[in-house]
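A.B. asks: please work out how this folds:
(one chain, ligands or ions: 1)
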Amino acid sequence: MTTARPSETSVCPKCGSEKVMKHLALTDTNADSPQIEVAGDPEAILFRDVVKRQLVADVCGKCGFCEIYVNEPEELYKKYETLRR
Ligand SMILES: [Zn+2]
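C.D. replies: Purely as a prediction, here's the structure:
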């Protein structure tokens, strides 16, 4: 999994600090990482044809501002597009 992109620098949109931590993993108290899913067949019981991707966050190390992204969204979008046909 390619979550770290150290070559990218970014500036916090709230406070202008450059102390932004990129693509941190999200976790919750159940130790499962929150995910976004797109189901190719949402009505199906057994095979819903699901594509899942983890959420990652960019967090400002100065003010704490947090932006959440879906990691590698391209596959999700491909599945999403198939739903509209
Ligand atoms: Zn900030």
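
A.B. asks: quick one: the strands in the chain?
C.D. replies: 20-25, 35-39, 50-60, 66-70 (DSSP state E).

A.B. asks: quick one: list the elements packing against the lowest-mean-pLDDT helix or strand in the chain.
C.D. replies: When each helix and strand of the chain is scored by mean pLDDT, DSSP states H and E, strand 35-39 comes last, with a mean of 90. Counting contacts by 3 or more Cβ pairs under 8 Å, 6 or more residues apart in numbering; DSSP states H and E, strand 35-39 is packed against strand 50-60, helix 74-83. In this view, the C-beta of every residue, glycine as well, is placed from N, C-alpha and C.

A.B. asks: what's the most buried one of those?
C.D. replies: strand 50-60 (a mean of 17; mean count of other Cβ atoms under 10 Å).

A.B. asks: would you give the sheet partners of it, along with the direction of each?
C.D. replies: Strand 50-60 pairs in its sheet with strand 20-25 (antiparallel), strand 35-39 (antiparallel), strand 66-70 (antiparallel), by DSSP bridges.

A.B. asks: what's the burial count for Cys12?
C.D. replies: 20 (other Cβ atoms under 10 Å).

A.B. asks: partner residues bridging the residue lying closest to it once chain neighbours are set aside?
C.D. replies: Spatial nearest neighbour of Cys12, chain neighbours left out: Cys60 (3.9 Å); criterion: Cβ to Cβ, 6 or more residues apart in numbering. Taking DSSP bridges as the rule, Cys60 bridges to Val20.
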